[in-house]
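>>> A predicted structure for the sequence below; I have some questions about it.
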Amino acid sequence: MKPEKIKYFFIKHGFNVSTRIADKFGIQVSNVRLFFIYTSFATLGLSFIFYIMFAFSLRIKDFFWQKRPSVFDL
């Protein structure tokens, strides 16, 4: 396929998604776009929060359970 055909295929079928969803549910297109923007920020934020919580719990675990030298290290 030529690059122009691929480009026009995505323009015709891909960029019309929010309009199709808005028409199907009977709401404004701007509300659908805002919904997608807000959910993308929320999922990014949640993954960052889970990462921080996991790193913090590892620090707490290391604080309470310190690694003791092995018998073979003596």
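Sure, I can see it.

>>> for stretch 22-42, which positions count as buried?
22, 32 (16 or more other Cβ atoms under 10 Å). For every residue, glycine as well, the C-beta is placed using N, CA and C.

>>> and the host helix or strand of residue 39, what does it pack against?
Assigned by DSSP states H and E, residue 39 falls within helix 29-64. Applying 3 or more Cβ pairs under 8 Å, 6 or more residues apart in numbering; DSSP states H and E, we find helix 29-64 packed against helix 17-25.

>>> list the contacts of the helix it packs on.
Here helix 17-25 makes contact (Cβ atoms under 8 Å, 6 or more residues apart in numbering) with 28, 29, 31, 32, 33, 36.

>>> what's the weakest-modelled helix or strand in the chain?
helix 3-13 (a mean of 82; mean pLDDT, DSSP states H and E).

>>> pull the CA atoms of it into PDB?
In PDB, the C-alpha atoms belonging to helix 3-13 read as follows (Å, rounded to 0.1, in the frame of the first residue of the first chain):
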ATOM      1  CA  PRO A   3       1.600   5.800   2.300                       C
ATOM      2  CA  GLU A   4      -1.100   8.100   1.000                       C
ATOM      3  CA  LYS A   5      -3.700   5.300   1.000                       C
ATOM      4  CA  ILE A   6      -2.700   4.400   4.600                       C
ATOM      5  CA  LYS A   7      -3.000   8.000   5.600                       C
ATOM      6  CA  TYR A   8      -6.400   8.400   4.100                       C
ATOM      7  CA  PHE A   9      -7.600   5.100   5.600                       C
ATOM      8  CA  PHE A  10      -6.700   6.300   9.100                       C
ATOM      9  CA  ILE A  11      -8.200   9.800   8.500                       C
ATOM     10  CA  LYS A  12     -11.500   8.200   7.200                       C
ATOM     11  CA  HIS A  13     -11.800   5.400   9.900                       C
END
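
>>> the inter-axis angle of it versus helix 17-25?
30 degrees (axes from the mean of the first three to the mean of the last three Cα atoms, to 10 degrees).

>>> contacts for helix 3-13?
Contacts of helix 3-13 (Cβ under 8 Å, 6+ apart): none.

>>> can you give me the offset of it from its chain's centre?
26 Å (Cα atoms, centre = their mean, to the nearest Å).
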